[in-house]
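> quick one: sequence and predicted model below, then my questions.
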Amino acid sequence: MLQQQIPVSSLGKPVQDAADHLVEVSESNRLPVVEVLAEIASSMSSDANVGQMLTRFLEIMMRLSKAKAGVARVLTSDGGHLRMVGSMGLSPALVEKERYVPLECGICGRATLSQSSQVDSVMAVCSKQVRHLYFAQRCKTVYAIPLRHKGKVLGVYNLFMDGDDTLPDDVNYLFNSISEHLGMALENARLTRENMRISLMNERTMLANQIHDSLAQTLAYAKMRLTVLSEAMVEGNQDQANRYLGDVEEAVDMAYSELRNLISQFRDRIDPRGLVPALQEMVESFRKKANADVDFLNIAQDVMLTPEEEIQVFHIIQESLYNICKHARARHVIVTLDLEGGQYIVNVADDGVGLMSSSVASVGKSFGLTIMRERTAKLNGKLSIESRPAGGTTVRLTFPAKLPNQEATK
């Protein structure tokens, strides 16, 4: 199951709270504050790189605090270190030394454990090997501002000042608001990466199943035929050798056909907008490939399928159209999607040559049909293929529609 990202709409109240609190800020600081709040709202709804976004806000925070230097750090995947993703005002040598720091290190560790902003002297909290570098850059005071979300610190901002002055309360309040929003952005980025990993694993599993159910079985059959072919040739039985050779040739042709079908299926991705737009695009593409009139009719008033169900239905219809294109010599094809009596009904009908009696057995053994039936089973549905004596074939898929409460508890 894919993780749910934090909705952008939930970001409004903290921003508004910060704006209300800053009403009494002096005229000289009000414009920067408004710019910061606008920038936060904009960044939360964009796909900006997290490192770039943190660096951009680091620049804003340095400007408001009049910091001499600053660092943006994020929690590493092992949870034991903070990794620098952006810096300003630091020498290359200092950047190199501070690229990774232990999570419990100095003021950053205190900010992480307390989940609150910390301030202290550079000489008191920084490690010996970097004190002289900060001191050489006239940095006396360091702030650590944690980036947190739901009780978990996901990163830290460090601001280095050249004096001992503390930040005004209004700036501190704004920084806390920024840290909460950026923590939310970091969590969204983590969930996005996790979703991508899950999607990739699902795609690979689907591809492996498809290859196993079609191409691998065909090649295994060809390998067995080659074994008996070799034995027949050694024994000098020409009739058996010819028969086994024909079986191998047939299996190789089938394997080639299945490979092309797999390539076609995984090249045609389902439209992210949903099943109906995906079927509309598929029908348009098939119309050009098959040189036939193809229509798609959506009779269902509201199609409410899970993403997994949409994928299964999409590929069943795709395989049906592929078979029509390959065998039927049809001039007209119609795909219908209906919802009646709690059942979704999908029909793919053509006016082609139909199923000849001699081809019924081969259809029953088709790997494509086997995969269609397996997909139907995942939908808890039924699949039937009807051929009319006068010509034409109808593939009919029916499967139960889930009620809203069933989907909610899935």
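That came through, no problem.
> give me the neighbour count for residue 221.
When neighbours are defined as other C-beta atoms under 10 Å, residue 221 has 16 of them. Just so you know, the C-beta spots here come from the backbone N, C-alpha and C atoms, and that holds for glycine as well.
> packing partners for the strand or helix carrying it?
Taking DSSP states H and E as the definition, one finds residue 221 inside helix 217-235. Helix 217-235 sits against helix 238-267, with contacts defined as 3 or more C-beta pairs under 8 Å, 6 or more residues apart in numbering; DSSP states H and E.
> just want the angle from the next helix or strand after the helix it packs on to helix 238-267.
The helix or strand immediately downstream of helix 238-267 is helix 275-290, counting by DSSP H and E. On the basis of axes from the mean of the first three to the mean of the last three C-alpha atoms, to 10 degrees, helix 275-290 is oriented at 130 degrees to helix 238-267.
> downstream neighbour of helix 275-290 in the secondary structure list?
Using DSSP H and E, the helix or strand that follows helix 275-290 towards the C-terminus is strand 293-298.
> that following strand: partners in the sheet, and parallel or antiparallel?
Based on DSSP bridges, the pairing partners of strand 293-298 within the sheet are strand 332-340 (parallel).
> CA atoms of the partner strand as CSV?
Taking C-alpha atoms only, strand 332-340 is exported to CSV below (Å, rounded to 0.1, in the frame of the first residue of the first chain):
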residue,chain,number,x,y,z
HIS,A,332,-15.6,-2.7,-36.4
VAL,A,333,-14.9,-3.1,-32.6
ILE,A,334,-16.7,-1.7,-29.7
VAL,A,335,-15.6,-1.7,-26.1
THR,A,336,-18.3,-1.0,-23.4
LEU,A,337,-18.1,-0.4,-19.7
ASP,A,338,-21.2,-0.7,-17.6
LEU,A,339,-22.3,-0.9,-14.0
GLU,A,340,-25.5,-2.9,-13.3
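> mind listing residues that contact that strand?
Residues from elsewhere that reach strand 332-340 (C-beta atoms under 8 Å, 6 or more residues apart in numbering): 275-276, 279, 283, 286, 290, 292-303, 317, 321, 324, 344-351, 401.
> could you rerun that using 6 Å?
Here strand 332-340 makes contact (C-beta atoms under 6 Å, 6 or more residues apart in numbering) with 292-300, 324, 345-351.
> can you flag the buried ones in the residues you listed?
292, 294, 296, 300, 324, 345-351 (16 or more other C-beta atoms under 10 Å).
> wait, which of those residues is closest to residue 180?
Of all these, residue 180 sits closest to residue 300, with 43.5 Å by C-beta to C-beta.
> which residue packs closest to that closest one, ignoring adjacent ones?
Leaving aside its sequence neighbours, residue 300 sits nearest to residue 339 (C-beta to C-beta, 6 or more residues apart in numbering; 3.8 Å).
> doesn't residue 394 lie inside a helix?
No - using DSSP: H, G, I helix; E, B strand; the rest coil, the assignment for residue 394 is strand, not a helix.
> with residue 319 as the reference, measure out to residue 343.
Between residue 343 and residue 319 the computed distance is 21 Å (C-beta to C-beta, to the nearest Å).
> more neighbours: these two, which one.
The neighbour comparison of residue 343 against residue 319 (other C-beta under 10 Å) goes to residue 319, with 21 against 13.
> pretty sure the more buried one sits against residue 372.
Yes - between residue 319 and residue 372 there is a contact at 5.3 Å, judged by C-beta atoms under 6 Å.
> against which helices or strands is the helix or strand encompassing residue 178 packed?
Secondary structure from DSSP H and E places residue 178 in helix 169-211. Counting contacts by 3 or more C-beta pairs under 6 Å, 6 or more residues apart in numbering; DSSP states H and E, helix 169-211 is packed against helix 12-21, strand 141-149, strand 152-161.
> can you list the strands that the shortest one pairs with?
Just to be clear, that refers to strand 141-149. strand 118-121 (antiparallel), strand 152-161 (antiparallel).
> most tightly surrounded among those?
The highest mean neighbour count among the strands paired with strand 141-149, using mean count of other C-beta atoms under 10 Å, belongs to strand 152-161: a mean of 24.
> tell me the SS of residue 101?
Under the three-state scheme (three-state DSSP), residue 101 adopts strand.
> can you get me a residue count around it?
So residue 101, with other C-beta under 10 Å, has 22 neighbours.
> and the one 10 residues further on, by the same measure?
Here the number of neighbours of residue 111 (other C-beta under 10 Å) works out to 24.
> could you do residue 301 as well?
Neighbour tally, residue 301, other C-beta under 10 Å: 7.
> same question, residue 185
Neighbour count of residue 185, defined by other C-beta under 10 Å: 25.
> sorry, back to before: just the ones of the buried ones among the contacts of strand 332-340 in strands?
Judged by DSSP state E, strands contain the following of the buried ones among the contacts of strand 332-340: 294, 296, 345-350.
> I'd like those as JSON lines, with pLDDT and distance to residue 152 appended.
Listed next are those as JSON lines, based on pLDDT from 0 to 100; distance: C-beta to C-beta, whole Å:
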{"residue": "294", "pLDDT": "87", "distance to residue 152": "52"}
{"residue": "296", "pLDDT": "91", "distance to residue 152": "47"}
{"residue": "345", "pLDDT": "94", "distance to residue 152": "48"}
{"residue": "346", "pLDDT": "94", "distance to residue 152": "45"}
{"residue": "347", "pLDDT": "93", "distance to residue 152": "51"}
{"residue": "348", "pLDDT": "92", "distance to residue 152": "50"}
{"residue": "349", "pLDDT": "89", "distance to residue 152": "55"}
{"residue": "350", "pLDDT": "86", "distance to residue 152": "57"}
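> would you state the helices of the stretch 301-410 of the chain in chain order?
For the stretch 301-410 of the chain, the helices defined by DSSP state H, counting those that start in this stretch occupy 307-323, 357-364, 367-378, 404-408.
> average pLDDT for the last one, rounded please.
Along helix 404-408, the predicted local confidence has a mean pLDDT of 46.
> same check, this time on the first one
Per-residue pLDDT over helix 307-323 has a mean of 85.
> what are the buried residues along that helix?
Applying 16+ other C-beta under 10 Å to helix 307-323 flags 309-323 as buried.
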